[in-house]
Each structure stands twice: as structure tokens, then as C-alpha cells.
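Novice: Provided below for reference: sequence and predicted model.
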Amino acid sequence: MRPITDYSGKIFLLAGFPFTTLQGVTRNQGGMIIFDTTNLSCVLKDTAISRVEYSATLLPNGIIVYMGGKEPAGKPATDGFRVVYLYNTNDNTWKPQPTFGDSIPNGDNGISSVLGLDGFRIIVFGGDDIDNKMLYVLDTTNFNWYEPNVSGKGPTIKRFDHTANVIGRYMVIAFGSGFGLNFNYRKNGESDVLLLDIGNSSNYIWTNNFDPNAVIPPQSSSTSDSTQSDNNSNNKNNTGIIVGVVVGVLGIIIITSLSIFFFIKRRKNLLHEKATSDGENVMPIPSDLELSSGRNLV
């Protein structure tokens with residue numbers, strides 16, 4: 001079983017076996033256990049499927065993709081990888097999703113899966129079926145399976161019931177069992193920990209070197225390029241709109257300020273000219289001395 005933690009701090013665990021809770025509730029077909037780490041509450045939800053030894057991968061939109069595994073009785077899942085199950089963590093709904101492609105793997109259990117760096121490719125490793133390849137990829141934009149291009153010296157012995165996580169640009173695979181519940185991969189000189197460089201989605205690389213400072217390059221897929229192009233276009237358009245609005249507002253402020261300035265200046269000039277003109281036409285009032293001396297004032 002693989003617990004999944006979403007972006008709000010809730011842990012989702014699909015239990016594919018009968019159990020009884022501490023409150024005495026018995027579930028014969030398992031269920032979805034949801035633990036909220038924020039308020040430390042736990043609830044139990046009904047599920048559309050009941051599996052063990054499955055893989056689960058959280059997509060950026062809050063949907064968990066469940067695939068592979070066994071039925072509670074230990075029988076392989078009848079739909080194998082031809083159908084994956086989508087659980088929406090936002091509204092607690094399930095949806096069976098058919099898959100396509102010429103490279104659909106046989107039904108398997110004990111697999112691991114991680115989300116690729118592009119946010120839509122699910123990389124599947126290992127399993128119990130010796131007829132399956134070591135690696136498969138499910139493109140969740142069209143739910144098409146394909147075998148990825150891989151270089152480097154990778155493992156030659158499959159393992160199952162292991163763990164896998166993404167650290168930086170690496171898919172880190174740890175431990176697990178070989179066939180017959182042994183660790184025969186060790187006898188083959190293979191490490192307990194495997195590193196798959198998934199920085200380039202067009203070519204994955206098995207490596208023995210882990211660089212914690214490795215730069216994650218831009219993805220070269222047409223979908224990611226298209227998405228990035230659309231985002232860049234939208235950003236440019238938004239930037240242009242913002243610049244246009246700012247320039248327009250500044251222009252209005254400048255024009256308004258200049259108009260007010262020239263209006264005030266012109267008004268002052270007109271008042272000054274009027275005051276001067278009125279002053280020239282004013283007849284002076286004679287003083288008492290001028291009146292007493294009989295000065296001709298005209």
C-alpha cells in the first residue's frame with residue numbers, strides 16, 4: 001500500500017484488506033482512510049476499488065492515479081493496466097479511466113510509480129511479472145502507455161515491493177524483493193538504491209552519481225513546450241496590458257497637471273493685466289494742500 005499526502009496536508013491510504021477500527025467498525029472490503037494532519041482527524045470513505053500492492057501517484061490537480069495491484073483475495077486485478085482509477089481528493093469521487101497504446105504492460109503488482117518532472121508523465125518501475133519491461137511511462141494527457149528511451153547501466157534483475165520517490169532530478173528506488181522473496185539482485189552486484197536521472201523526458205539515464213545541486217532542465221515535450229509557450233504568451237500579454245495601463249494613467253496625470261498649470265498661469269496674467277489697466281485710468285484724489293493752493297487739477 002502507498003499513502004499519498006496532498007497539498008493541504010491530508011494523507012490518503014487505500015486499504016485493500018478487511019479491518020476493524022478502534023471504534024468497532026468492520027470493513028470487509030477495505031476503504032479509503034483519510035487523515036487530516038492539520039486538525040488530527042481521521043475519516044473512512046467508501047471506495048470504488050479494493051487493492052493491495054498497487055501504485056498511487058498524485059497529479060498537480062489533486063487527482064490520485066491508482067494502478068496495478070491485486071484483489072484482496074490475492075488474485076491479480078482483472079483489468080490490469082488497461083484501466084487506471086482516478087480518485088479526486090477535492091470532491092471524493094472515483095472514475096475508471098481506460099488507457100491506450102501499443103505498450104500497455106501486463107497486469108502486475110509490487111510496482112512503484114512517480115510523477116515525472118513535467119507534471120503529467122507517470123513513470124512505473126519494477127513489479128512481479130517477469131514478462132514486463134523494467135520501465136513504462138503513462139502520459140496522463142491522453143492516458144497512452146509507452147516504453148521510454150533509457151541509457152546507462154541499469155539493473156538486470158527486477159524487484160518488487162520497493163519504494164520510489166523523486167529527489168531533485170532523480171527517481172530514487174530503494175530496496176525491494178527479487179523473485180522468491182529474496183535479495184538476489186545483491187548477488188548480482190546491484191545496489192539497494194538505484195538512481196534514474198529523469199531530467200530529460202526524452203531519454204532517462206541510469207546513473208550511480210547523485211548530484212543534489214543538479215539543475216532540472218526545461219522539458220522538451222511538445223505538450224510542455226506548448227504549455228510553456230502559452231504561459232509565456234499570456235505573461236507577455238499581461239505585461240503589455242499592465243504597461244499600457246500605467247503609461248496611459250501617467251499620460252492622463254501629466255496632461256491634466258499641465259492643463260491646470262497653464263490655466264492658473266494664464267488666469268494670473270489676465271488678472272495682472274486687468275489690474276495694470278485699471279490703475280492707469282484712475283484719477284488721483286487731490287490733497288488738502290493742492291486744494292488750498294488752487295492748483296489746476298485738470
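Specialist: Sure, I can see it.

Novice: remind me which residues of this protein are low pLDDT?
Specialist: For the chain, residues meeting the criterion pLDDT under 70 lie at 179-181, 217-298.

Novice: rerun at 80
Specialist: Within the chain, the segments meeting pLDDT under 80 span 1, 17-19, 21-23, 25-30, 72-73, 178-184, 215-298.

Novice: if you skip the residues just before and after it, what's nearest to the most centrally placed residue in it?
Specialist: Among the residues of the chain, the smallest C-alpha distance to the mean C-alpha position (CA atoms, centre = their mean) belongs to residue 60, namely 4.6 Å. Taking CB to CB, 6 or more residues apart in numbering as the measure, residue 60 lies nearest to residue 119, with 5.1 Å between them; neighbours along the chain are not counted. To be clear about C-beta, it is placed using only N, CA and C from the backbone, and glycine gets the same treatment.

Novice: Also residue 184?
Specialist: Take residue 184 and drop its neighbours on the chain: the residue closest to it by CB to CB, 6+ apart is residue 178, 4.2 Å away.

Novice: Check the gap between the one you found and residue 107 for me.
Specialist: The gap separating residue 178 from residue 107 is 20 Å, by CB to CB, to the nearest Å.

Novice: quick one, which of these two is more surrounded?
Specialist: When residue 178 is set against residue 107 and neighbours are counted by other CB atoms under 10 Å, the residue ahead is residue 107, at 20 against 17.

Novice: how much space between the residue nearest to that one when sequence neighbours are not counted and residue 51?
Specialist: Distance criterion CB to CB, 6+ apart; nearest residue to residue 107, sequence neighbours excluded, is residue 80 at 2.9 Å. When CB to CB is the yardstick, residue 80 and residue 51 sit 12 Å from each other.

Novice: ok, now residue 176?
Specialist: 18 Å.

Novice: Ok, residue 37 next?
Specialist: When CB to CB is the yardstick, residue 37 and residue 51 sit 24 Å from each other.

Novice: When those two are compared, which one has more neighbours?
Specialist: Shown here are residue 37 and residue 51; by other CB under 10 Å, residue 51 has more neighbours (24 against 11).

Novice: re the thing from before, for residue 80 and residue 51, list the residues in contact with both.
Specialist: Shared contacts of residue 80 and residue 51, defined by CB atoms under 8 Å, 6 or more residues apart in numbering, comprise residue 68.

Novice: so where does the closest residue to residue 147 other than its chain neighbours fall, helix or strand?
Specialist: Leaving out its chain neighbours, the residue that sits closest to residue 147 by CB to CB, 6+ apart is residue 103, at 5.0 Å. Secondary structure from DSSP states H and E places residue 103 outside every helix and strand.

Novice: give the contact list for residue 103.
Specialist: Taking CB under 8 Å, 6+ apart, one finds 136, 145, 146, 147 in contact with residue 103.

Novice: separation between the third one and residue 105?
Specialist: This means residue 146. The spacing between residue 146 and residue 105, counted by CB to CB, is 11 Å.

Novice: now the first one
Specialist: Using CB to CB, one gets 5 Å for the distance from residue 136 to residue 105.

Novice: between residue 146 and residue 105, who's got more neighbours?
Specialist: Legend: neighbour count by other CB under 10 Å for residue 146 and residue 105, higher for residue 105 (24 against 14).

Novice: quick one, phi/psi of the more buried one?
Specialist: As for residue 105, its main-chain torsions (degrees, to the nearest 10) stand at phi -70, psi 160.

Novice: Surely it touches residue 130?
Specialist: No - when contacts are counted by CB atoms under 8 Å, residue 105 is not listed as touching residue 130 (11.9 Å).

Novice: Find the nearest non-adjacent residue to residue 100, please.
Specialist: The spatially closest residue to residue 100, leaving aside those adjacent along the chain, is residue 144, at 5.0 Å (CB to CB, 6+ apart).

Novice: would residue 186 count as being in a strand?
Specialist: No - the secondary structure assignment for residue 186 gives helix rather than a strand, going by DSSP: H, G, I helix; E, B strand; the rest coil.

Novice: who are the neighbours in contact with it?
Specialist: Under the contact definition (CB under 8 Å, 6+ apart), the residues listed for residue 186 are residue 192.

Novice: And for residue 86?
Specialist: So residue 86 contacts 63, 64, 65, 66, 94, 95, 96, 97 (CB under 8 Å, 6+ apart).

Novice: before we move on, the earlier item: pull out the buried members of the contacts of residue 103.
Specialist: When neighbours are counted using 16 or more other CB atoms under 10 Å, these contain these buried positions: 136, 145.

Novice: Let me have the contacts of residue 103 in a markdown table, extended by distance to residue 160 and secondary structure.
Specialist: Converted to a markdown table, the contacts of residue 103 look like this (distance: CB to CB, whole Å; DSSP: H, G, I helix; E, B strand; the rest coil):
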| residue | distance to residue 160 | secondary structure |
| --- | --- | --- |
| 136 | 14 | strand |
| 145 | 19 | strand |
| 146 | 22 | strand |
| 147 | 19 | coil |
